[in-house]
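1. Build the 3D model from these lines:
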Amino acid sequence: MHFGALDWAITVLSLLVTVGLGLRTRRLVGRIEDYLVANRGMGVYVGTASLVSTEIGIITYMYQAQFGFLAGFSAFVVGLITIAVCFFVGKTGFVMTRLREMEVMTVPEYLERRYSRSVRVLAGSMMALGGSLNLGIFPLIEARFLTITTGIPPRYVTWTMAVLLLTALLYTALGGMLSLMVTNYLQYVLLAAGTVVITSACLYRIGWTAMTRAVATSLHGRGFDPFADLGVGPAFILWQVLLWTALMTVWQSVAMRSFSARDTATGRKLFMLTSGLFLGRAVLPMAWGIAALAFFTARASPVAPLPGETPRAEMARMDESLARGFTRQLEEGRVASLLPQVERLDVLAQGELRARRPAGPVSAEQAAAAEGPARRAQSMREELGMVAMPWMVAALIPTGWLGLVMAGMLAASVSTYAGYFLGWSAVISQDVVSPLLGRELSTAGKLRLTRATIVALTAFIMVWSLVYHVPGPAFFYLQVTANLFMAPTLVTIAAGLYWRRSSSTGAGLAYVLGAAASLGYLVPAFGLDVATAGNLSWGLALLGLVAGSLVRPDRQGHERSGIHSRAARGGLGARR
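-> Next up is the predicted model:
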């Protein structure tokens with residue numbers, strides 16, 4: 001379909017209204033508490049809309065759709081884990097209720113109260129690093145969606161990224177959390193409308209039967225059993241449970257909604273209400289990825305060998321052909337043409353590897369002859385998974401409706417940038433820069449520092465998204481960069497709340513060891529797979545916390561704030 005004048009009018013109008021609403025809240029910001037936690041006056045429904053809008057962006061739709069394209073229905077297990085964890089946190093108040101009672105504005109602020117200022121700075125630095133790396137790939141991936149669906153030429157992708165970032169920067173730097181509360185409500189309505197349109201098109205134009213058939217045929221029997229199909233099985237599922245528990249409690253942009261809630265009861269209700277929406281956040285775009293697989297599989301022509309060609313020769317020819325033309329055809333949207341070629345190359349390479357395994361040792365050259373094409377086929381399939389959904393949307397959604405979809409997508413994207421800008425800039429300014437200055441800043445000074453940090457963060461992610469190549473699916477990269485600090489953060493905070501003997505030394509070791517394991521995936525030379533890196537991060541963080549606390553306990557420890565004793569009396573949530 002063509003992105004016409006009506007589509008542009010709907011898209012631009014929605015952006016102008018969003019920015020206008022956000023800017024009107026500037027005059028209401030007088031203190032840092034207003035800026036970061038909206039003076040702790042957020043209600044259940046506004047908070048739910050704000051949380052969902054911040055945690056759903058174009059990036060969310062893209063990486064979830066890619067995961068569905070690659071893993072089929074097995075990917076749905078992530079959505080089931082999300083709803084279970086979110087409901088558990090809301091029901092029990094695990095960790096987040098105690099932090100809200102202490103009236104902290106950032107997660108590392110608690111660590112200074114419980115442990116020491118050095119632990120707060122270390123935690124803030126790790127959160128700033130991981131959060132910035134996580135946010136750093138958003139613009140490039142989201143710009144690909146926009147260029148495909150609107151028809152903007154790829155050479156303007158950098159400018160598209162800049163417009164997205166500056167739009168969010170404009171009102172977030174001025175209005176903070178108050179701007180987010182006002183704009184997120186409108187953005188929630190728009191992204192819900194866009195989600196409904198795409199989901200309806202997938203079900204009506206493609207259908208569940210075709211989606212099921214495509215998974216069965218294209219994934220060669222995989223795609224239905226998450227314990228066997230995700231490549232990492234139970235280890236991956238264990239890591240997801242741990243990671244989502246951390247994301248729902250100590251991920252800064254999520255935690256800030258709890259900190260901004262009117263009271264602890266409101267915070268718990270917010271998470272319980274949001275749990276069902278987070279299920280849809282995962283499952284619906286994953287279903288779009290499966291629908292895209294079905295859409296292009298139905299339009300693909302089978303690939304056959306040349307007369308008399310051996311499998312090894314066909315593999316070499318296919319590999320060479322794709323090396324020459326894959327990128328160009330991908331930019332042209334020829335997914336239906338590329339998909340059977342990539343699948344054929346993968347089948348040939350895997351067949352070659354299987355044929356050699358029973359035969360005993362083979363030379364490095366022989367192994368590379370099959371392993372190289374297998375890796376390249378996997379990489380190309382990941383690239384196809386990233387762009388298949390937007391190309392399908394551009395083909396299925398008619399003019400007018402496409403403008404509504406784009407308005408919803410941009411609303412989702414801008415709200416995500418705004419929430420993350422605010423969350424990570426708060427950590428950098430309040431938990432790293434301000435403590436290192438060694439003096440208390442004035443209210444005006446804190447506001448200026450936080451706003452300057454937002455601008456600097458915007459500049460960083462513009463550069464990072466242009467120079468870094470993501471290893472593997474975007475889904476894995478985003479979760480490992482979060483895991484970089486999520487594992488040690490939840491371990492140290494939970495221990496501080498519920499274990500009397502946890503110490504500053506143990507907290508520091510937890511961060512160092514936990515982060516080191518996650519870096520094993522982000523740096524390809526280490527060769528760690530995603531589940532191993534993820535679970536190892538949790539194991540090493542816990543080991544460092546326990547060992548460091550037992551070997552070198554704090555003299556005062558929990559007595560500095562009395563946190564442990566209050567938590568013990570009140571149970572998990574320490575309800576008021």
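2. in the stretch 201-350 of the chain, which spans are strands?
-> Applying DSSP state E, counting those that start in this stretch to the stretch 201-350 of the chain gives no strands.
3. quick one: low-confidence ranges for it?
-> Along the stretch 201-350 of the chain, segments meeting pLDDT under 70 span 229-232.
4. Give me the residue at the spatial middle of this structure.
-> Centroid check for the chain by Cα atoms, centre = their mean gives Leu478 as the closest residue, at 4.7 Å.
5. Go ahead and list the helix or strand containing that residue.
-> helix 474-498 (DSSP states H and E).
6. Could you list every helix and strand in contact with the helix or strand following that helix?
-> Using DSSP H and E, the helix or strand that follows helix 474-498 towards the C-terminus is helix 504-522. If you count contacts as 3 or more Cβ pairs under 8 Å, 6 or more residues apart in numbering; DSSP states H and E, helix 504-522 packs onto helix 117-135, helix 474-498, helix 530-551. Placement of C-beta: from N, CA and C, glycine included.
7. and those helices, which is most packed in?
-> Mean neighbours per residue, mean count of other Cβ atoms under 10 Å, is largest over the helices and strands packed on helix 504-522 for helix 474-498, with a mean of 26.
8. Okay, Met105 and Val427: tell me how far apart.
-> Counting by Cβ to Cβ, to the nearest Å, the separation of Met105 from Val427 is 10 Å.
9. Repeat that for Leu545.
-> In this view, Leu545 and Val427 are 21 Å apart by Cβ to Cβ.
10. re earlier: apart from its chain neighbours, what residue comes closest to the residue nearest to the centre of the chain?
-> Once flanking residues are discounted, Leu478 sits nearest to Asn134: 5.7 Å by Cβ to Cβ, 6 or more residues apart in numbering.
11. and the one you found, what is it in contact with?
-> 478, 481-482 (Cβ atoms under 8 Å, 6 or more residues apart in numbering).
12. one more time with 10 Å, if that's ok
-> By Cβ atoms under 10 Å, 6 or more residues apart in numbering, the residues touching Asn134 are 59, 251, 420, 424, 461, 477-485.
13. Phe138: which of these is nearest?
-> Ile59 (4.7 Å; Cβ to Cβ).
14. I'd like the distance from the helix or strand encompassing that closest one to the chain centre, please.
-> Using DSSP H and E, Ile59 maps to helix 58-71. Mean C-alpha position of helix 58-71 versus that of the full chain (Cα atoms, centre = their mean, to the nearest Å) differs by 10 Å.
15. Could you export that helix as PDB, CA atoms only?
-> Only the C-alpha atoms of helix 58-71 are listed here, as PDB (Å, rounded to 0.1, in the frame of the first residue of the first chain):
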ATOM      1  CA  ILE A  58       8.400   0.400  17.800                       C
ATOM      2  CA  ILE A  59      11.500  -1.400  19.100                       C
ATOM      3  CA  THR A  60       9.200  -3.700  21.200                       C
ATOM      4  CA  TYR A  61       7.100  -4.600  18.200                       C
ATOM      5  CA  MET A  62      10.200  -5.100  16.000                       C
ATOM      6  CA  TYR A  63      12.200  -7.400  18.300                       C
ATOM      7  CA  GLN A  64       9.200  -9.300  19.500                       C
ATOM      8  CA  ALA A  65       8.000  -9.800  15.900                       C
ATOM      9  CA  GLN A  66      11.600 -11.000  15.000                       C
ATOM     10  CA  PHE A  67      11.500 -13.500  17.800                       C
ATOM     11  CA  GLY A  68       8.100 -14.800  16.600                       C
ATOM     12  CA  PHE A  69       9.500 -15.100  13.100                       C
ATOM     13  CA  LEU A  70      12.500 -17.100  14.300                       C
ATOM     14  CA  ALA A  71      11.000 -19.200  17.100                       C
END
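16. where does the residue lying farthest from the centre of the chain sit relative to Ile428, distance-wise?
-> Taking Cα atoms, centre = their mean as the measure, the residue most remote from the mean C-alpha position of the chain is Gly308, 47.7 Å away. For Gly308, the distance to Ile428 (Cβ to Cβ) stands at 64 Å.
17. Gly72 too?
-> As judged by Cβ to Cβ, Gly72 and Ile428 stand 39 Å apart.
18. what residue ranges in the stretch 451-576 of the chain score low on pLDDT?
-> Ranges of the stretch 451-576 of the chain meeting pLDDT under 70: 471-472, 524-525, 527, 556-576.
19. thinking again about what came up before, which SSE is immediately downstream of the helix holding Ile59?
-> Immediately after helix 58-71, counting by DSSP H and E, sits helix 77-92.
20. just checking, what packs against that following helix?
-> The elements that helix 77-92 packs onto, with contact taken as 3 or more Cβ pairs under 10 Å, 6 or more residues apart in numbering; DSSP states H and E, are helix 58-71, helix 96-101, helix 226-229, helix 233-247, helix 252-260, helix 264-298.
21. of all those helices, which lies closest to Tyr110?
-> Nearest of the helices and strands packed on helix 77-92 (Cβ to Cβ): helix 96-101, 5.8 Å.
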